[in-house]
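**Q** Got a predicted structure here, sequence first:
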Amino acid sequence: MSLKVAIVHDWLVTYAGAERVLEQMLLCYPGAEVFSTVDFVPSKDRAFLGGHSVKTTFIQGLPWAQKKYRHYLPLMPLAIEQLDLSGYDLVISSSHAVAKGVLVSPDQLHICLCYTPVRYAWDLQAQYLREAGLSVGIKSWAARWLLHRFRIWDLRTANGVDHFIAISKFIARRISKTYRRDSVVIYPPVDTDNFEFILQKQDYYVTASRMVPYKMVPLIAEAFSKMPDKRLVIIGDGPDFERCKKMAGPNVELLGHQPSDVLKMHLQQARAFVFAAEEDFGIAPLEAQACGTPVIAFAKGGATETLCGIDAAQPTAVFFAEQSVDAIIDAVLKFEQTKINGAACRENALRFSQGRFRLEFSAFVNQKVDEFMAARLA
């Protein structure tokens, strides 16, 4: 039997972590049709879609949607429910916000690959309101009411999912806490083939990410500014860039946004990659590991599952227990007293390759399709 497959993605505006997962999904199911609330990916970056056209919602045509699509979050539940998926046997939602809320019938199988329950609506609401300057006042109450309504909708739509896939054990616990649903863990793909192993390292540290508050890049800059004998290179741009400049001493170099080849060169040559965020999974540390580069990381979130600490048989990372300047300094000093083999870092990264993801993802989905079809015929 030939299945008609629909893949629903939250929104398409760039080629980042979730889009790399979508790319691999489309390689598993090249005949699938793609749906999204909006699609504003520039033509130069559309190769990952493999020539697929994208069917969008009414938000695509709303004023300023290209730049301010997130402002239409209150309308996205309504928008995603208007997608007509009635002609598909298998619906796969690629969701960290609203994609899992599509309407499906009992005769359709719905599998959700969940990057996280919506962080700003659930456990991280207070942090996001604080960072958005919405802690107090009338706008704060309006935002809180909208998020309250969103939570009700989000919880209801979890009932329309037959099977959840989590991107880490950390996210599996979030899914269980938020939706009271079990999930299977399939780690996202890392393009290990694109990050070649380099044994010889130079005497500098590197960090690279979008400069948004939870990434804690200014904290890393401040820590290295207090270690003037150690050089740090920071790659990335965003709202925290100016704050980062204020924290940076003469030994801290801010390169801003850089093309992928420059990023790769620095990951390959750095003594270690420094990572202070609490991430759901964390692709950047594994890209560094693929280059044979050790990681110094905050011991929370996905990093604790993907990196091997100094107590492991083949260590690839040094962890620090809290997001503070002193903790980062202590971890750097501990790293310099620890022998970490670059080849072990590379081997660790290969556990998360794109080929591995496609095998695990297609095997799980195909198994659930077989079980679903057998139950329908029983």
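**A** In hand now; what should we look at? Bear in mind that the values here come from a model prediction, so they are computed numbers and not experimental data. Numbering: from 1, shown residues only.

**Q** Which parts of the stretch 251-378 of the chain are helices?
**A** Counting by DSSP state H, counting those that start in this stretch, the segments of the stretch 251-378 of the chain that form helices are 260-269, 283-290, 303-306, 325-336, 342-350, 354-377.

**Q** Nearest to His96, out of those?
**A** Among the helices of the stretch 251-378 of the chain, the nearest to His96 by Cβ to Cβ is helix 283-290 (14.1 Å). For the C-beta atoms, the positions are set from N, CA and C on the backbone; glycine is no exception.

**Q** what packs against the closest one?
**A** Packing partners of helix 283-290 (3 or more Cβ pairs under 8 Å, 6 or more residues apart in numbering; DSSP states H and E): helix 260-269, strand 272-275, strand 295-298, helix 303-306, helix 342-350.

**Q** rewinding a little: for the helices of the stretch 251-378 of the chain, which one ends up most surrounded?
**A** helix 283-290 (a mean of 27; mean count of other Cβ atoms under 10 Å).

**Q** looking at the protein, which helix or strand is least sure?
**A** For the chain, the helix or strand with the lowest mean confidence is helix 125-131, at a mean of 85 (criterion: mean pLDDT, DSSP states H and E).

**Q** can you list the domains in this structure?
**A** Domain assignment for the chain by automatic domain parsing gives 5-189+354-377, 192-350.

**Q** Need the winner for burial among those domains.
**A** domain 192-350 (a mean of 19).

**Q** Quick one: end-to-end length of that domain, please.
**A** Terminal residues of domain 192-350 are spaced 6 Å apart (Cα to Cα, to the nearest Å).

**Q** Stretch 337-357 too?
**A** 35 Å.

**Q** ok, back up a step: can I get the helices of the stretch 251-378 of the chain in a markdown table including distance to Val217 and mean pLDDT?
**A** Listed next are the helices of the stretch 251-378 of the chain as a markdown table, based on distance: least, Cβ to Cβ, whole Å; pLDDT from 0 to 100:
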| stretch | distance to Val217 | mean pLDDT |
| --- | --- | --- |
| helix 260-269 | 14 | 97 |
| helix 283-290 | 12 | 97 |
| helix 303-306 | 16 | 96 |
| helix 325-336 | 12 | 98 |
| helix 342-350 | 22 | 97 |
| helix 354-377 | 27 | 95 |
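
**Q** Dump those helices into TSV; add distance to Met25 as well.
**A** Below are the helices of the stretch 251-378 of the chain laid out as TSV (distance: least, Cβ to Cβ, whole Å):
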stretch	distance to Met25
helix 260-269	22
helix 283-290	16
helix 303-306	20
helix 325-336	36
helix 342-350	21
helix 354-377	7
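
**Q** quick one, helices of the stretch 1-150 of the chain?
**A** 17-28, 65-68, 76-81, 125-131, 138-157.

**Q** After the last one, which helix or strand is next?
**A** Toward the C-terminal end, the helix or strand that comes next after helix 138-157 (DSSP states H and E) is strand 163-166.

**Q** chain center to that next one: distance?
**A** 15 Å (Cα atoms, centre = their mean, to the nearest Å).

**Q** got it, and stretch 211-228?
**A** 21 Å.

**Q** start at 626 instead
**A** Sure, I'll start numbering at 626, so the last one becomes stretch 836-853.

**Q** which intervals of the chain have sub-threshold pLDDT?
**A** Residue ranges of the chain with pLDDT under 70: 626.

**Q** Now with 80, please.
**A** Counting by pLDDT under 80, the chain contains low-confidence ranges at 626, 756, 1003.

**Q** check contacts around Gly712.
**A** Lys629 (Cβ atoms under 8 Å, 6 or more residues apart in numbering).

**Q** That one and Glu658, how far apart?
**A** 9 Å (Cβ to Cβ, to the nearest Å).

**Q** Can you check which residues contact both of the two?
**A** Lys629.

**Q** wait, isn't Leu710 in contact with Val716?
**A** Yes: the pair Leu710 and Val716 qualifies as a contact (Cβ atoms under 8 Å) at a distance of 5.6 Å.

**Q** Next, show the common contact partners of those two.
**A** 631, 633, 727, 729, 733.
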